[in-house]
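**Student:** Need coordinates for the following:
(one chain, ligands or ions: 2)
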Amino acid sequence: MLPKIINVTVKDVRFPTSTEQHGSDAMHTDPDYSTAYVVLHTDSELKGFGFTFTLGKGTEIVVCAVESLSRLVVGKSLEEIVRDFRGFYRLLTSDSQMRWLGPEKGVIHVATAAVLNAVWDLWARAEGKPLWKLLVDMDPEQLVSCIDFRYITDVLTEKEAVDLLLKAQEGRQQREDQMLSEGYPAYTTSCAWLGYSDQQLQQLCADALRGGWTRFKLKVGADLEDDVRRCRLIRQMIGPNNTLMIDANQKWDVDEAVSWVSRLAEFKPLWIEEPTSPDDILGHATISKALAPHGIGVATGEQCHNRVMFKQLLQASALQFVQIDSCRLGSVNENLAVMLMAHKFKVPVCPHSGGVGLCELVQHLILFDYICVSASLNNRMCEYVDHLHEHFTSPVVIKDAHYLPPKDPGYSCEMLDSSVQRYQFPDGEVWLQMNK
Ligand SMILES: C[C@H](O)[C@@H](O)[C@@H](O)[C@H](O)C(=O)O
Ligand SMILES: [Mg+2]
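**Tutor:** Ligands and ions are numbered 1, 2, ... in the order given. Predicted coordinates:
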């Protein structure tokens, strides 16, 4: 018997990362990595844990949204949910009154992500498997039955999705074994946040090189001369053969993006990430076209609202790297749709990660992508940042710059009770002390 959800609790948990400029970029200069942290309580011993990611202020708004959605969840059994997961996704995203707040975007959608992440965590725990393995073991029809195809059937139908998954079945066991022994390739963003000094960047970069890292992301976009200096510095340190990516976090207008990045082309970045507004699909297409002769691709997705936006970015050849996000899209359900569309358009998926807990979650999705969808590691890697893992009960395991597949049952969302208590906003000990 699968458990029934009898209560949902949600907490505002914030980590004061801004004090040391961790996570800083051209637009988000002082992020306090935070979560709206959800626990599904059931009529059994099992619980489901989930969250979405925020930058501090406003997390209380997401908490309210989760509370509103909870009314749709309490009283449902897991059996009833997973028997028609597409229907359950629709229930949360298409409530005829609440959808006005989105639809499928903004606060209400990240709140949906938090709730659905907890449901997937609960399901994987009930099956006694890590989430990636639950997905890998599902047959194509069952996987596809979790996806809401509304608004994307012009690009991907249910039947096509099943066919893509069937086609990728060959070599699956071998890829699973490979992941278990080698892990999934990662890149690091931890060396080069915008607020770090040159000295700090050099030190962290030297440490990372010693630790076996070969792919590095640098924040740009505040000041062109600073960017030239920092790109030169990091390129000198990592040498010509390691990979460099740059990330502007939406700083520029379209033409400005093209001229600014052209100036940085000599440092050979693989991609420019979020050059402009995440909503500007045609702008991304223009930038992609202009930068192609330099061999620089456009990456985006960490603030892409939903599968419909990804569909258009792909249709318009507006991105060369798809950055899915475990806490912005409607959880695993919507990420499955995006991974399959990316595969159809032959665009590699390189997930956005980092923040607090995003590495823990997204590793499951990218393992599934490799084993069951893309079957390729070409031009693919998953972001990693080295912050806040100690607050999770099943933290990520990195070996030689690769994510090793998680083994514990669930979606790796559970935080330590002591951390939740200490960092709860505004009454946790850490915040009480900071505000003294
Ligand atoms: C505010 C955050 O740290 C962002 O800077 C971060 O998610 C970043 O865009 C990334 O790609 O890791
Ligand atoms: Mg980014």
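
**Student:** show me where pLDDT drops low in the stretch 1-150 of the chain?
**Tutor:** The model of the stretch 1-150 of the chain has no residue with pLDDT under 70.

**Student:** can you give me the strands in the stretch 201-350 of the chain?
**Tutor:** Secondary structure of the stretch 201-350 of the chain by DSSP state E, counting those that start in this stretch: the strands cover 215-219, 243-247, 271-273, 297-300, 321-322.

**Student:** what's near enough to touch the most centrally placed residue in the chain?
**Tutor:** Closest residue to the average C-alpha location of the chain: residue 325 at 2.5 Å, with CA atoms, centre = their mean. Shown in contact with residue 325 (CB atoms under 8 Å, 6 or more residues apart in numbering): 301-304, 351-352, 358, 362. Yep, even glycine has a C-beta here, placed from its N, CA and C like the rest.

**Student:** swap in residue 383?
**Tutor:** 186-187, 189, 217, 350-354, 359, 362.

**Student:** Contact partners for the closest residue to ligand 1 within the stretch 101-250 of the chain?
**Tutor:** Of all residues in the stretch 101-250 of the chain, residue 189 sits closest to ligand 1, with a separation of 4.7 Å (CB to the nearest ligand atom). For residue 189, the contacting residues are 216-217, 219, 247, 354, 383-385, by CB under 8 Å, 6+ apart.

**Student:** out of these, who's near ligand 2?
**Tutor:** residue 247 (CB under 5 Å from the ion).

**Student:** Could you identify the most distant pair in the contacts of residue 189?
**Tutor:** 219 and 384 (15.3 Å; CB to CB).

**Student:** Skipping its backbone neighbours, what lies nearest the residue of the stretch 1-150 of the chain at minimum distance from ligand 2 in space?
**Tutor:** Nearest to ligand 2, among the residues of the stretch 1-150 of the chain, is residue 25, at 7.0 Å (CB to the ion). Leaving out its chain neighbours, the residue that sits closest to residue 25 by CB to CB, 6 or more residues apart in numbering is residue 249, at 4.2 Å.

**Student:** And for the one you found, the neighbour number?
**Tutor:** 21 (other CB atoms under 10 Å).

**Student:** what does the stretch 151-300 of the chain put close to ligand 2?
**Tutor:** Taking CB under 5 Å from the ion as the measure of proximity, the stretch 151-300 of the chain contacts ligand 2 at 247, 273.

**Student:** where in the stretch 151-300 of the chain is pLDDT low?
**Tutor:** For the stretch 151-300 of the chain, no range has pLDDT under 70.

**Student:** what are the ranges of the helices in it?
**Tutor:** 158-167, 172-182, 198-210, 224-238, 254-263, 281-291 (DSSP state H, counting those that start in this stretch).

**Student:** so of those, which one's packed in deepest?
**Tutor:** Highest mean neighbour count of these: helix 281-291, a mean of 20 (counted as mean count of other CB atoms under 10 Å).

**Student:** and the residue in the stretch 101-250 of the chain that ligand 2 sits nearest to, how far is that from residue 433?
**Tutor:** Across the stretch 101-250 of the chain, the shortest distance to ligand 2 (CB to the ion) belongs to residue 247, at 4.4 Å. Distance, residue 247 to residue 433, using CB to CB, to the nearest Å: 33 Å.

**Student:** Between these two, tell me which one has more neighbours.
**Tutor:** Counted by other CB under 10 Å, residue 247 and residue 433 do not tie: residue 247 has more neighbours, with 27 against 9.

**Student:** show me what contacts that one?
**Tutor:** 25, 189, 217-221, 272-274.

**Student:** please redo it, this time with the cut-off set to 6 Å
**Tutor:** With contact set as CB atoms under 6 Å, 6 or more residues apart in numbering, residue 247 has these partners: 217, 219, 273.

**Student:** Relative to residue 412, which of the helices of the stretch 151-300 of the chain is closest?
**Tutor:** Among those, if distance is taken as CB to CB, the winner is helix 172-182, at 15.4 Å.

**Student:** got a list of contacts for the closest one?
**Tutor:** 367, 371, 402, 405.

**Student:** CA atoms only: put stretch 34-50 into PDB for me.
**Tutor:** Taking Å, rounded to 0.1, in the frame of the first residue of the first chain, the C-alpha atoms of stretch 34-50 are listed here in PDB:
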ATOM      1  CA  SER A  34      17.500  30.000   0.300                       C
ATOM      2  CA  THR A  35      14.700  27.500  -0.100                       C
ATOM      3  CA  ALA A  36      11.000  27.200   0.500                       C
ATOM      4  CA  TYR A  37      11.400  23.800   2.100                       C
ATOM      5  CA  VAL A  38       8.400  21.400   1.800                       C
ATOM      6  CA  VAL A  39       7.700  18.200   3.800                       C
ATOM      7  CA  LEU A  40       4.800  15.900   2.800                       C
ATOM      8  CA  HIS A  41       3.600  14.000   5.900                       C
ATOM      9  CA  THR A  42       1.900  10.800   5.200                       C
ATOM     10  CA  ASP A  43      -0.200   8.200   7.100                       C
ATOM     11  CA  SER A  44       2.900   6.000   7.200                       C
ATOM     12  CA  GLU A  45       6.500   6.500   8.400                       C
ATOM     13  CA  LEU A  46       7.500   7.800   5.000                       C
ATOM     14  CA  LYS A  47       7.900  11.500   4.300                       C
ATOM     15  CA  GLY A  48       8.500  13.300   1.100                       C
ATOM     16  CA  PHE A  49      11.000  16.300   1.000                       C
ATOM     17  CA  GLY A  50      11.200  18.900  -1.700                       C
END
